[in-house]
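A.B. asks: Turn this into a structure:
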Amino acid sequence: MQLFYNANITDTKQFTFDKTESRHIVRVLRKKTGDQLFITNGKGLLFNSEISIANDKKCLVTIIKVDKKPKPWNYHLHIAIAPTKSMDRYEWFLEKATEIGIDEITPLLCDHSERKILKAERLEKIIESAMKQSLKFHLPKLNPLIKFSDFINHDFDSNLYIAHCEKANKQTLKSVLLPNQKITILIGPEGDFSSSEIEKAIQQNFTPISLGESRLRTETAGVVATQMVSFINQ
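C.D. replies: Numbering: from 1, shown residues only. As a prediction, this is how the structure comes out:
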């Protein structure tokens, strides 16, 4: 199955793609009238459609069937993670976390952050592409970049964890995880969280955790945490 994504598609009889997507479908993929397209809105709906007009400016499809796809995991995972200096690494994390299964991602601006500006539109495209490639029908939510101090002062209804590298009394993530939970995990930048940030997070009920004996890159830590949560819930 080749999966297309459009957030604006609804349970109607017909749908018209915009100029950019129409050109991709007709010119690049060489789709023709009568060809079948599978489209998701990223909210759990799969639209089985057929091309009615193969126009590279306004590709029109007729909706044949709509299926509601349940989320394939029974937990809610929110990872708040500092952007890496190299955007390639951060994009790699977004791609792999989406493939594994994640619900929400928040970029964090920390004391030791080297990158303080993000191109949100590009990051959204990375996530969308990974969702389509892995045949998922639920698009992870990407939140705006936020200061660490502002983020930890939110009212959370989840189990809270902060992964850091300082020598301290920490539990392993795998030892504290339980299935079917709402989970929020903080992961710092290349220089780790500052001691002040760790202390403030603990004061806000974040439990200090370790992801293992190895010292991991930021993006690797994000993927390891995502996979660990997925494994515990299998």
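A.B. asks: Quick check: closest non-adjacent residue to the residue nearest to the spatial centre of the chain.
C.D. replies: Among the residues of the chain, P140 comes closest to the average C-alpha position under Cα atoms, centre = their mean, at 3.9 Å. The shortest distance from P140 to any non-neighbouring residue, by Cβ to Cβ, 6 or more residues apart in numbering, is to I102 (5.1 Å). Backbone N, C-alpha and C define where each C-beta goes, glycine included.
A.B. asks: what's the burial count for the one you found?
C.D. replies: Look at I102: counted by other Cβ atoms under 10 Å, it has 27 neighbours.
A.B. asks: Next one: it from L139, what distance?
C.D. replies: To L139, I102 is 11 Å away according to Cβ to Cβ, to the nearest Å.
A.B. asks: Repeat that for D111.
C.D. replies: Distance of D111 to L139, computed by Cβ to Cβ: 31 Å.
A.B. asks: Likewise for N159?
C.D. replies: Per Cβ to Cβ, N159 is found 23 Å from L139.
A.B. asks: give the contact list for D192.
C.D. replies: 112, 164-166 (Cβ atoms under 8 Å, 6 or more residues apart in numbering).
A.B. asks: Repeat the analysis, applying 10 Å as the threshold.
C.D. replies: Residues near D192 by Cβ atoms under 10 Å, 6 or more residues apart in numbering: 82, 110-112, 163-166, 198, 215, 218.
A.B. asks: do the same with S149
C.D. replies: So S149 contacts 109-111, 196-197, 200-201, 204 (Cβ under 10 Å, 6+ apart).
A.B. asks: repeat that for 7 Å
C.D. replies: When contacts are counted by Cβ atoms under 7 Å, 6 or more residues apart in numbering, S149 touches K200.
A.B. asks: on that earlier part again, which of N159 and L139 has more residues huddled nearby?
C.D. replies: The neighbour comparison of N159 against L139 (other Cβ under 10 Å) goes to L139, with 21 against 16.
A.B. asks: how close does the more buried one sit to A54?
C.D. replies: Distance from L139 to A54, by Cβ to Cβ: 26 Å.
A.B. asks: same question, K125
C.D. replies: For K125, the distance to A54 (Cβ to Cβ) stands at 24 Å.
A.B. asks: For the two, indicate the residue with more neighbours.
C.D. replies: A54 (17 against 13).
A.B. asks: on that earlier part again, I figured the residue nearest to the centre of the chain hits I105, correct?
C.D. replies: Yes - counting by Cβ atoms under 7 Å, P140 touches I105, with 5.9 Å between them.
A.B. asks: returning to that earlier point: pull the contacting residues for the residue nearest to P140.
C.D. replies: Taking Cβ under 7 Å, 6+ apart, one finds 77, 79, 140, 226 in contact with I102.
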